[in-house]
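[1] How does the following fold in three dimensions:
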Amino acid sequence: MLQNKQKIFTITPVSVREMKIRNLELGLNQLFLAPMEDITDPSFRYICKLHGADVVYTEFISSDGLIREGEKSVRKLHIFDYERPIGIQLYGHNIASMVEATHLAVASAPEFIDLNYGCPVRKIANRGAGAGMLANIPLMMEMTEAIVKASPLPVTVKTRLGWDGQNKNIVTVAEQLQDKGIDALTIHGRTRAQMYKGEADWTLIGEVKNNPRMHIPIIGNGDISNPVQARQAFEDYGVDGIMIGRAAVGKPWLFRHIKHYLDTGELLPEPTVAEKVAIARLQFTKSLEWKSIPVGIYEMRRHFSNYFKGLPHFREIRLRLLTSLEVEEIFRILEEIERIYGHFRPEDQGTFWDR
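    Just a heads-up that it's a prediction; the model follows:
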């Protein structure tokens, strides 16, 4: 995604960039775990923090669900001290509901409140929430101003380049959001119409960051899947932080690898399968603690699939791993994977079975 982009901005070198969200000092080259529904629960946040994520977020929380005391929404407010700094992300289309939900979120004492103006999923966007706000900029600004006034905590926003290819208005939208008082802005380099298709375009993210009018931190998001891309994004576009979402699913060590590369210029090797099993086992244990059975099993399946993607001759084991509802059986399957593939790395493909 970034490989063919030219360096078109003059920016501060990576090694001296610091970031603050109002009075929250975050330091250099910050890495953010993107909020993702049914993914960034406390078990996955725990794993990502262990592996170097600097800032994490809750899953999306519906303002309507929260003010109606919906069990799922209220439960998402639960945060742990080891996760800090953490933001609670809210979405909704009604200003009064969002303000009330903000008060409830503030009571959970996160470091900041994040407003979801970027989720492209139809059932959310078509109601005018999430990325649906990009089709009604006046409402977005009115809502933002009301929430900033209601919150004693910093308020941040996550959004996209615009509604579609003909309306990539993020440069002016960013200025307006800043004028309403937000403390940081995350930009996903796609429009709402793109959903998650095509390549993320970072040029407009860089344009926002290098706009002389902008003084709040700008966090870039989209298609960062390896340390080289992360460094290139910092250097080419001048962003204060990078947010990583789907690329971290089944690969939480990505944060640690990026940090190591930024610090040393050295690329760390992919973990062995034995190391991946240990991480997956810990996350599964935490998932069961948090969501019990069977939800803790169901929601680990996506992670299991990604942890062990690409293993040769894995189809039968994968099927058992992703269909079992028995906790002890799943732990036995993980032991089996470790026993068979323990020292395997991706570079071993094609030679592993000849040993």
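[2] Do a quick rundown of the strands in this structure.
    With DSSP state E as the criterion, the chain has strands at 18-21, 24-28, 30-33, 56-57, 61-62, 86-91, 112-117, 155-160, 184-188, 218-221, 241-244.
[3] who does the second one pair up with?
    Which is strand 24-28. strand 18-21 (antiparallel) (DSSP bridges).
[4] Just the terminal-to-terminal distance for stretch 311-319.
    For stretch 311-319, the first and last residues are 13 Å from each other (C-alpha to C-alpha, to the nearest Å).
[5] From the chain's centroid, how far away is that stretch?
    Relative to its chain's centre, stretch 311-319 lies at 28 Å (C-alpha atoms, centre = their mean, to the nearest Å).
[6] in that stretch, what counts as buried?
    Buried residues in stretch 311-319, counted by 16 or more other C-beta atoms under 10 Å: 311, 317-318. For every residue, glycine as well, the C-beta is placed using N, CA and C.
[7] Between these, which has the least confident prediction?
    Model confidence across the buried residues of stretch 311-319 bottoms out at residue 311, which has 93.
[8] quick one: low-confidence parts of the protein?
    The chain contains residues with pLDDT under 70 at 1-17, 345-355.
[9] In it, where's the longest helix?
    Longest helix of the chain, by residue count under DSSP state H: helix 273-291.
[10] quick one on the thing from earlier: which members of the buried residues of stretch 311-319 are positioned in helices?
    Among the buried residues of stretch 311-319, the members found in helices (DSSP H) are 317-318.
[11] Specify which member of the buried residues of stretch 311-319 is nearest to residue 275.
    The nearest member of those to residue 275, counting by C-beta to C-beta, is residue 311 at 13.7 Å.
[12] What are the phi and psi values at the closest one?
    phi -70, psi 140 (degrees, to the nearest 10).
[13] and the closest residue to it other than its chain neighbours, how far is that from residue 236?
    The shortest distance from residue 311 to any non-neighbouring residue, by C-beta to C-beta, 6 or more residues apart in numbering, is to residue 341 (5.8 Å). Taking C-beta to C-beta, to the nearest Å as the measure, residue 341 falls 37 Å from residue 236.
[14] right, and residue 176 touches residue 138 too?
    No - using C-beta atoms under 8 Å, residue 176 is not in contact with residue 138, being 9.6 Å away.
[15] And these two? Which one has more around it.
    The neighbour count for residue 176 versus residue 138, taken as other C-beta atoms under 10 Å, is higher for residue 176 (16 against 8).
[16] Contacts only, for that one.
    137, 141 (C-beta atoms under 8 Å, 6 or more residues apart in numbering).
[17] try 7 Å this time
    Residue 176 makes contact with residue 141, according to C-beta atoms under 7 Å, 6 or more residues apart in numbering.
[18] ditto for the one 5 residues further on
    Taking C-beta under 7 Å, 6+ apart as the contact definition, residue 181 lies against 145, 148.
[19] quick one, phi/psi of it?
    The phi/psi pair for residue 181 (degrees, to the nearest 10) is phi 110, psi 10.
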